[in-house]
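*Asks:* Just need the structure, nothing else, for what follows:
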Amino acid sequence: MQTSKLAFTAKLASLTAAMALCGAAYAATGTAPGASANVAQEPATATQAAKHFHKKGAHHARHGRHHAHRAAMWVPGYGPLSKEVVASLALNDEQVKLVEAAKAESKAGREDRCEAMKSARAAKLEQLKSGKIDPQAALKDKEAAREKALTERSKVDEKWLAAWEALDDTQQQKVVTHLNERAEKFAQRAKDRKLRHTQPEQPAKVSS
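*Replies:* Below is the predicted model of the structure:
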């Protein structure tokens, strides 16, 4: 009985440690980390739980980035526009150039962030393998990366703002109308979800 209890305690401790370690790595890099030599030795259940933890926590971030990549145009502060909406604007050559310049700036920023995250992740895995980590340095690196990302985001926003300001009044009004309709749809969906969650469950009918 004592041996069984100790084995259960050890397994629970391993699971908790694996999830905490992976959670810290994800928070520092923004992406799910690869398996280190130490984590790979944990029980299969611990590894599976950690993977589920990451997937659930990163779902919304990936979802937002997915829409950003697919956007044909972006309105700073209001969000993406689809290809269909942009096509309805009948952009002239100069407007198309501004949109393409903004998309190029956005793509370059994404690639830079991706490479930076890969480097940071590799460095942290090496620290873990060596058995020595530096949380203070990791926090400073994280803050520096955040400031750099904000600077890059400002540059992208400036490009998109130039594209927006190049639209004439009729084009801008079409965009405003589309954004308003989209906001109303989102509000209705949120209202419907709230209603579904607040409605009491109907008792199951018992057949006679």
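
*Asks:* Which residues are in contact with residue 163?
*Replies:* Listed by C-beta atoms under 8 Å, 6 or more residues apart in numbering, the contact set of residue 163 reads 73, 95, 98, 99, 101, 102. Quick note: C-beta positions are derived from backbone N, CA and C, even for glycine.

*Asks:* Now do the contacts for the nearest residue to residue 75 once chain neighbours are set aside.
*Replies:* For residue 75, ignoring the flanking residues on the chain, the nearest one in space by C-beta to C-beta, 6 or more residues apart in numbering is residue 164 at 6.0 Å. For residue 164, the contact set (C-beta under 8 Å, 6+ apart) comprises 75, 76, 172.

*Asks:* Next, the buried residues of the helix or strand where residue 156 lies.
*Replies:* Using DSSP states H and E, residue 156 maps to helix 135-165. By neighbour count on 16 or more other C-beta atoms under 10 Å, the buried set for helix 135-165 is 138, 141, 145, 152, 156, 157, 159, 160, 161, 163, 164.

*Asks:* With pLDDT and distance to residue 189 as extra columns, can I get those residues in a markdown table?
*Replies:* A markdown table is the format used below for the buried residues of helix 135-165 (pLDDT from 0 to 100; distance: C-beta to C-beta, whole Å):
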| residue | pLDDT | distance to residue 189 |
| --- | --- | --- |
| 138 | 88 | 39 |
| 141 | 88 | 39 |
| 145 | 90 | 34 |
| 152 | 91 | 32 |
| 156 | 94 | 28 |
| 157 | 95 | 27 |
| 159 | 96 | 31 |
| 160 | 97 | 26 |
| 161 | 97 | 29 |
| 163 | 97 | 29 |
| 164 | 97 | 26 |
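
*Asks:* Which positions in the longest helix anywhere in the chain come out as buried?
*Replies:* Using DSSP state H to define each element, the chain has its longest helix at helix 93-130. For helix 93-130, burial by neighbour count (16+ other C-beta under 10 Å) applies to 95, 98-99, 102-103, 105-106, 109, 113, 116, 120-121, 124-125, 128.

*Asks:* domain parsing for the chain?
*Replies:* Domain assignment for the chain by automatic domain parsing gives 1-26+36-59, 71-192.
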